[in-house]
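> here you go, sequence then predicted model.
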Amino acid sequence: MSHKLKIVGWVAAGAVAGVLTTVSLQTAARGALAPLPLEELQQFAAVFGIVKSDYVEPVDEKKLISDAISGMVASLDPHSQYFDKKSYKEFREGTTGRFVGVGIEISQEDGLVKVVSPIEGSPAFRAGLKPNDLITKIDDTAVKGLTLSEAVKRMRGEPNTQVVLTIFRKEESRTFTATITREEIRTQSVRGKVVEPGYAWIRLSQFQERTVDDFTRKLEDVYKQEPNLKGLVLDLRNDPGGLLDAAVAVSAAFLPQDVTVVSTNGQLPESKFTYKAAPEYYLRRSSLDPLKRLPAAVKNVPIVVLVNEGSASASEIVAGALQDHKRATIMGSQTFGKGSVQTVRPLGPDTGLKITTARYYTPSGRSIQAKGIIPDVLVDETEEGSPFAALRMREADLEKHISSGQGPEVKDAAREKAREEARKRLEAEALKAPTDRRPPEFGNEKDFQLAQAINQLKGRPVLVSKTQVERKEEPKEN
């Protein structure tokens with residue numbers, strides 16, 4: 001079964017859910033350099049000289065140095081990364097929620113790119129693209145055979161340049177071309193709606209610079225439509241994380257003033273810090289707190305938080321804070337387990353270093369690194385279960401992951417057996433027609449976990465998972 005991957009017109013840093021890190025942006029590199037190991041640096045210089053003079057063909061000196069830095073940083077853990085000019089630009093676009101492109105939410109269907117939705121007001125919206133349109137060619141390149149990320153890269157580009165998309169519209173049984181001029185697009189990381197009278201659903205797909213403002217506006221809209229809100233579902237499924245201050249702000253929207261949201265601890269003095277539910281801990285540049293616009297009822301409305309294996313980093317901070325303060329019921333599957341904080345330090349105008357500087361801890365002091373948040377109520381993806389959950393990557397599966405620092409790691413002996421069974425089911429599922437194996441969209445009427453969340457809020461019976469068990473932290477491979 002080809003898992004349906006949904007991308008809002010761009011690929012974030014780390015396409016696997018959970019790999020996008022919780023980051024704290026720093027604007028200056030650290031002051032004094034640590035003492036340098038001269039003997040090892042001499043060896044490095046000797047190797048550099050030999051490669052430059054003896055290699056079979058001329059080498060790019062700058063690329064050699066850049067690759068050496070990348071290798072050094074990548075050897076630390078899965079989330080530390082050296083940014084060259086191109087990757088630094090892409091990372092900054094990922095955290096700001098801005099990119100240059102055509103402005104469509106896309107997924108993949110039968111090897112083609114499917115339009116899930118054009119972003120309102122975008123070039124694609126103005127060109128008349130509709131949900132369920134299939135993109136068969138991008139300029140002169142056939143989409144069949146391209147990965148989703150390759151297709152995204154071809155649709156992105158410089159402002160005011162054009163791209164020609166060949167569209168097949170199934171309901172009209174016709175193919176046509178659309179010439180679209182690229183422009184800066186602002187992605188929407190927040191969606192939401194009133195599901196039924198008294199109950200609403202708000203989904204956060206990522207924590208970006210604009211997330212808190214968009215989240216506040218969406219909550220305001222919900223309360224305008226439903227002033228007597230009885231329950232709210234906060235959907236963090238497949239939310240890979242993002243900015244730490246955005247996670248603190250979203251938590252603060254529901255928590256009492258000044259309670260602890262998350263604490264961090266690392267080698268540097270500034271990495272030992274406690275973030276609280278107060279504006280000074282999440283306002284970045286503006287002195288205006290958007291959360292002050294929210295109705296007072298937000299602090300008391302019953303909440304269910306939906307999470308799964310793809311909920312990581314910043315989304316785990318929110319789930320952990322609301323769980324520890326008993327402010328929400330957490331439902332779904334055990335989360336990804338990324339309990340580390342990365343700091344981005346610019347090395348110049350176009351390059352930077354993202355490095356792991358701390359572990360984070362929930363208000364009760366739990367490190368969830370390589371463990372994850374355990375839901376209060378385990379709920380499967382469908383009424384039939386979660387047959388492919390064992391195949392999904394979590395922090396504990398990543399090579400060189402750091403440990404939780406709290407107790408020994410336990411090897412799950414049944415893990416590989418479960419994976420093998422899931423692989424066999426996946427092969428059988430792949431033989432089915434695409435319409436029979438496509439998972440439902442989050443938030444629609446066939447969303448089983450959302451339906452169970454509404455049942456929980458109403459005090460009705462919930463179909464609890466009969467198969468899910470807590471997954472322990474697994475030992476690192478040396």
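All right, it came through fine. The shown structure was predicted, so the numbers you read here are calculated from the model rather than taken from an experiment.

> where does the stretch 101-250 of the chain have low pLDDT?
Along the stretch 101-250 of the chain, segments meeting pLDDT under 70 span 120.

> do that again at 50, thanks
Within the stretch 101-250 of the chain, not a single segment meets pLDDT under 50.

> and stretch 69-80, which residues are buried?
Under the neighbour-count criterion of 16 or more other Cβ atoms under 10 Å, stretch 69-80 has 73, 77-80 buried. Quick note: C-beta positions are derived from backbone N, CA and C, even for glycine.

> what mean pLDDT does it get?
For stretch 69-80, mean pLDDT is 92.

> now do stretch 46-64
The average pLDDT for stretch 46-64 rounds to 96.

> okay if I get the buried residues of stretch 69-80 as JSON lines plus secondary structure and distance to residue 225?
Shown next, in JSON lines, are the buried residues of stretch 69-80 (DSSP: H, G, I helix; E, B strand; the rest coil; distance: Cβ to Cβ, whole Å):
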{"residue": "73", "secondary structure": "helix", "distance to residue 225": "48"}
{"residue": "77", "secondary structure": "coil", "distance to residue 225": "44"}
{"residue": "78", "secondary structure": "coil", "distance to residue 225": "42"}
{"residue": "79", "secondary structure": "coil", "distance to residue 225": "39"}
{"residue": "80", "secondary structure": "coil", "distance to residue 225": "44"}
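
> which one among the residues you listed gets closest to residue 397?
Taking Cβ to Cβ as the measure, residue 397 lies nearest residue 78 of the buried residues of stretch 69-80, at 9.7 Å.

> if I pick the closest one, what's in contact with it?
19, 395, 398-401 (Cβ atoms under 8 Å, 6 or more residues apart in numbering).

> who wins for neighbours among the residues you listed?
The most crowded member of the contacts of residue 78 is residue 395, carrying 29 neighbours; neighbours defined as other Cβ atoms under 10 Å.

> got a pLDDT number for the closest residue to that one other than its chain neighbours?
The shortest distance from residue 395 to any non-neighbouring residue, by Cβ to Cβ, 6 or more residues apart in numbering, is to residue 337 (3.8 Å). Here the pLDDT value assigned to residue 337 is 93.

> ok so, going back, tell me the least confident of the contacts of residue 78?
residue 19 (35).

> and stretch 93-102, how far apart are its ends?
15 Å (Cα to Cα, to the nearest Å).

> list the buried ones in it?
Buried, per 16+ other Cβ under 10 Å, within stretch 93-102: 93-95, 97-102.

> stretch 268-286 now?
271, 273, 275-279, 281-283.

> want to try TSV for the buried residues of stretch 69-80, with distance to residue 37 as columns?
Converted to TSV, those look like this (distance: Cβ to Cβ, whole Å):
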residue	distance to residue 37
73	17
77	21
78	25
79	25
80	19
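
> could you work out the most separated pair of the residues you listed?
Longest span within the buried residues of stretch 69-80, Cβ to Cβ: 73 and 78, 11.2 Å.

> how about residue 89, secondary structure?
Here residue 89 is helix, with the state taken from DSSP: H, G, I helix; E, B strand; the rest coil.

> once you drop chain neighbours, what's closest to it?
Spatial nearest neighbour of residue 89, excluding adjacent residues (Cβ to Cβ, 6+ apart): residue 350 at 7.7 Å.

> any idea how far residue 228 lies from residue 307?
The gap separating residue 228 from residue 307 is 27 Å, by Cβ to Cβ, to the nearest Å.

> higher neighbour count, the two?
Neighbours were counted for residue 228 and for residue 307 using other Cβ under 10 Å; residue 307 has more, 31 against 8.

> show me what the more buried one is bridged to.
Using DSSP bridges, the beta-bridge partners of residue 307 come out as residue 332.

> what's near enough to touch it?
Residue 307 makes contact with 236-237, 315-316, 319, 330-333, 335, 373, 375, according to Cβ under 8 Å, 6+ apart.

> can you give me the neighbour number for residue 265?
Number of residues near residue 265 (other Cβ under 10 Å) recorded here: 16.

> ranges for the helices of this structure?
In the chain, helices defined by DSSP state H lie at 38-54, 61-74, 85-96, 123-126, 148-155, 211-225, 244-254, 314-324, 415-430, 434-437, 448-458, listed in chain order.

> and these as TSV, adding distance to residue 368?
What follows is the helices of the chain, written out as TSV (distance: least, Cβ to Cβ, whole Å):
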stretch	distance to residue 368
helix 38-54	35
helix 61-74	23
helix 85-96	22
helix 123-126	39
helix 148-155	28
helix 211-225	21
helix 244-254	13
helix 314-324	6
helix 415-430	19
helix 434-437	32
helix 448-458	21
